[in-house]
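**Student:** can you look at this prediction? I've put the sequence above it.
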Amino acid sequence: MSESQGTETTTRRLPAVEKETGTGLDQAASAAAYEPPPAAAGDDGRGGRFWSVRRVPAGIVALLLLIGAAAFLYDIAAVRAHRPAMHWRRELARQLAERPLDDTWVLVGAGVTAALGLWLIVLAVTPGLRKWLPMRPPHADVRAVLHRDAAALVLRDRAMEVSGVRSVRVRMRRRRADVRAVSHFRELDDVRADLDLTLADAIRGLGLTRPPGLSVHVARPGRKG
């Protein structure tokens, strides 16, 4: 893992908002938004994402094609050997010849076929593996990825190092990391500002090709009784 080039980031301090819920628990929260640093020179932020091998869909399609091709090949060979065509092929030819195009079963079959074809096209043009975040490789012939859960765990551990933080929940997405912290002392704005700096540095340290945005929310724990 290699760190990306350092860039200066600024965070906007928002005032703490005091509110009372209907249950009588005093809560306070502050939120901040962090935009990821621009890509380094020569790094367009693309590439490096792993593609899923799609073993199950590919296996199913290959098996169906093999069965269909074998059945048609056997039937054609039987006809060439002066034997009658198989019953299912004669029935299929008759149904296709007699049923009009606006028949319900024809429309249903066409819709199912179109849906399956569209699904296969989507699988062919999308990489999949959405839970893996591509990292900046240290060398041209090296590729690396980081699982979302591992990235969220790193951010959570770094957030717990901030003074005043009691608990943290991190939800890592492809384009944004949502952090919700509970602070039992210190001013919320101060805790949030420290979290901004700490988590921004942690995101840069992950070395991701596309550093996610950061959303921080800090609140007081609910009062019992």
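**Tutor:** Cool, the structure landed.

**Student:** enumerate every residue touching the spatially most central residue of the chain.
**Tutor:** Geometric centre of the chain, nearest residue: Arg130, 3.3 Å, by CA atoms, centre = their mean. Residues near Arg130 by CB atoms under 8 Å, 6 or more residues apart in numbering: Arg174. All C-beta spots, glycine's among them, are computed from the backbone N, C-alpha and C.

**Student:** same question for Ala177.
**Tutor:** Taking CB under 8 Å, 6+ apart, we find Ala177 in contact with 151-152, 155, 170-171, 199, 203, 212-215.

**Student:** cutoff 10 Å now
**Tutor:** By CB atoms under 10 Å, 6 or more residues apart in numbering, the contact list for Ala177 reads 34, 36, 148, 151-152, 155, 170-171, 199, 202-203, 206, 211-216.

**Student:** need the three-state assignment for it.
**Tutor:** At Ala177 the chain is in strand, as set by DSSP: H, G, I helix; E, B strand; the rest coil.

**Student:** thinking again about what came up before, now the residue nearest to the centre of the chain, what are its backbone angles?
**Tutor:** Backbone geometry at Arg130, expressed as degrees, to the nearest 10, gives phi -70, psi -20.

**Student:** next one: it, what pLDDT does it get?
**Tutor:** Per-residue pLDDT puts Arg130 at 83.

**Student:** in strands, which of the contacts of Ala177 fall?
**Tutor:** 34, 170-171, 213-216 (DSSP state E).

**Student:** which of these are buried?
**Tutor:** With burial judged by 16 or more other CB atoms under 10 Å, the buried subset of those is 34, 170, 214-216.

**Student:** and stretch 90-99, how far from the chain's centre?
**Tutor:** 45 Å (CA atoms, centre = their mean, to the nearest Å).
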